[in-house]
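[1] The amino acid sequence is not available; the structure is as follows:
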């Protein structure tokens, strides 16, 4: 400022001296007035350029001015660049923050003090059927109309979460959400949603499992307790005592079988998949399953004029890789089920084939009563029985198909079931190509024993 004033005074003195030298005192006065007007004009021109730039500032291109206006333009441009950099940094942080929320597996909705949607991520859109752009500034209660959420929002007590149904899912398995509001700022709210469908299913399965196990064990325990009380309170003959002991032994064996199957299921679920480098002697395994099935058939139908017809196809030239004990358990479960549920005079065919993709298929076809279509999707669930009374009479625990399904899934395959009521059923184990290997030359000549009609 002092330099600017000094320059202005010096300019006036110079012009005054020149005017006095040229025209005398009148010239001096004219020089001073002319210098003042020129200085004011130049200063006004610089000020107008500065004001024009300030109206639409460009920090990268400030006006080139001298003096005070030049210094002002420089300092303003520098301050503007600093503010623009701060704005860019803030925008970057906000973008990173929103991207992180967008990548969250939970739904996030930001609500203003009136409950209008300010922002939501895609997961929240899927949970509630909200469009992240189109539904902005819509009131959340107009879009989420579950009565339980409406009551929760109106209660203004958000200390706990609320469970509700979400969009998507199916009629048999709807989506379940856990939703909670968190107030923040000046009346704003953070709305978090989480898909708890899997947790709800797991909880339901746990309850069903405990109830089923309790029911399965309670029945034989009740029988055992009744027999023990009878033997303690009534005088029995030796034949009666032997009969009761035999029935008690049968119930005890049933409980042992149930515990054994439960332990096997637990081991299957908690252990890694079998190695693909562990070979399985398929001819020996099938021979053992056939011997077991024929013995069971003779036990169930000892004096029938028309016994069951068990037909085992000759083994093809391939073997499987995996856990031999698990595969035997899975295959024997299917064959023994067919034997149990096929009446006398019926037929059971066990055959296998190599699939075009290099995999293998082992199927058991029976001529039993068949299964109604509504039961097919639930086959393989623990303790699920198509006919509970017949299953218990045949000594089943309701875990055989669950074990079979777990075994084949651990080997990378699947259990396939097709059936028609009154026309028999087909249970098949399908194995992927990596589980199939060519049989040794010596094994190619081995075939299962001929079927007995």
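    That came in fine, so what should we check first? Fair warning: this is a prediction, and the values are worked out from it, not measured in the lab.
[2] Buried residues of stretch 107-124, list them for me.
    Neighbour-count burial for stretch 107-124 flags 107, 108, 109, 110, 111, 115, 117, 120, 121, 123, 124 (criterion: 16 or more other CB atoms under 10 Å). For every residue, glycine as well, the C-beta is placed using N, CA and C.
[3] so what's the third one up against?
    Residue 109 makes contact with 117, 119, 120, 121, 124, 128, 130, 140, 190, 191, 193 under the criterion CB atoms under 8 Å, 6 or more residues apart in numbering.
[4] swap the cut-off to 6 Å and go again
    The contact partners of residue 109, taken as CB atoms under 6 Å, 6 or more residues apart in numbering, are 117, 120, 124, 191.
[5] do the same with the fourth one
    Residue 110 makes contact with 118, 119, according to CB under 6 Å, 6+ apart.
[6] try 10 Å
    Residue 110 sits next to 98, 101, 116-121, 124, 184-185, 188-191 when contact means CB atoms under 10 Å, 6 or more residues apart in numbering.
[7] just residue 157 next, same as before
    residue 181.
[8] now swap in residue 248 and tell me
    Per CB under 10 Å, 6+ apart, neighbours of residue 248: 220, 223, 224, 225, 226, 227, 228, 231.
[9] In helices, which of those residues appear?
    220, 223, 224, 225, 226, 227, 228, 231 (DSSP state H).
[10] if we can go back for a sec, and which of the contacts of residue 248 is nearest residue 246?
    residue 227 (10.0 Å; CB to CB).
[11] re earlier: nearest to residue 434, of the ones in helices among the contacts of residue 248?
    Using CB to CB, residue 220 comes nearest to residue 434 of these, at 42.3 Å.
[12] Mind telling me what element residue 198 is part of?
    Per DSSP states H and E, residue 198 falls inside helix 197-233.
[13] Can you tell me what sits against the host helix or strand of residue 164?
    According to DSSP H and E, residue 164 maps onto strand 162-169. Strand 162-169 has contacts (CB under 10 Å, 6+ apart) with 107, 124-130, 144, 146-153, 155, 174-181, 193-197, 200.
[14] what element comes up after that strand heading to the C-terminus?
    Following strand 162-169 in sequence, per DSSP H and E, is strand 174-184.
[15] picking up where we left off before, narrow the contacts of residue 109 to those in strands?
    117, 120, 191 (DSSP state E).
[16] Can you tell me the closest non-neighbouring residue to residue 290?
    Once flanking residues are discounted, residue 290 sits nearest to residue 312: 5.2 Å by CB to CB, 6 or more residues apart in numbering.
[17] Would you map the helices across this structure?
    Going by DSSP H, the chain shows helices at 2-23, 25-55, 67-102, 122-128, 140-143, 147-155, 197-233, 238-270, 282-300, 324-341, 388-393, 400-410, 441-444.
[18] Compare these and say which comes out lowest on pLDDT.
    Ranked by mean pLDDT, the helices of the chain end with helix 441-444 at the bottom, a mean of 47.
[19] residues in contact with the spatially most central residue of the chain?
    The structure's the chain has its C-alpha centroid closest to residue 198; by CA atoms, centre = their mean the separation is 7.3 Å. Residues near residue 198 by CB under 10 Å, 6+ apart: residue 176.
[20] 7 Å - rerun?
    Shown in contact with residue 198 (CB atoms under 7 Å, 6 or more residues apart in numbering): no residues.
[21] again, but for residue 127
    If you count contacts by CB under 7 Å, 6+ apart, then residue 127 has 107, 166, 167, 177, 193, 195 around it.
[22] which of the contacts of residue 248 count as buried?
    By 16+ other CB under 10 Å, the contacts of residue 248 give 220, 223, 224, 227 as buried.
[23] Could you export those residues to TSV, including columns for distance to residue 318?
    Compiled in TSV, those are given as follows (distance: CB to CB, whole Å):
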residue	distance to residue 318
220	42
223	47
224	47
227	51
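[24] Now flag whichever of those residues is closest to residue 282.
    Once CB to CB is applied, the member of the buried ones among the contacts of residue 248 that ends up nearest residue 282 is residue 220, at 36.3 Å.
[25] follow-up on the earlier one: going by distance to residue 277, which of the contacts of residue 109 wins?
    So of the contacts of residue 109, ranked by how close each gets to residue 277 (CB to CB), first place is residue 124, at 46.9 Å.
[26] how close does that closest one sit to residue 200?
    Distance, residue 124 to residue 200, by CB to CB, to the nearest Å: 19 Å.
[27] Taking the ones in helices among the contacts of residue 248, tell me the two that lie furthest apart.
    Applying CB to CB across these, the maximum distance is between 220 and 231, 16.2 Å.
[28] Now pLDDT and distance to residue 439 too, for the contacts of residue 127, in TSV please.
    Output for the contacts of residue 127, formatted as TSV (pLDDT from 0 to 100; distance: CB to CB, whole Å):
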residue	pLDDT	distance to residue 439
107	91	54
166	86	52
167	84	53
177	92	53
193	93	55
195	90	47
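[29] filter those to the buried ones?
    107, 166, 177, 193, 195.
[30] export those to CSV and tack on distance to residue 362?
    Shown next, in CSV, are these (distance: CB to CB, whole Å):
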residue, distance to residue 362
107, 45
166, 41
177, 42
193, 45
195, 38
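[31] re the thing from before, ok, so of the contacts of residue 248, who is nearest residue 87?
    residue 220 (75.9 Å).
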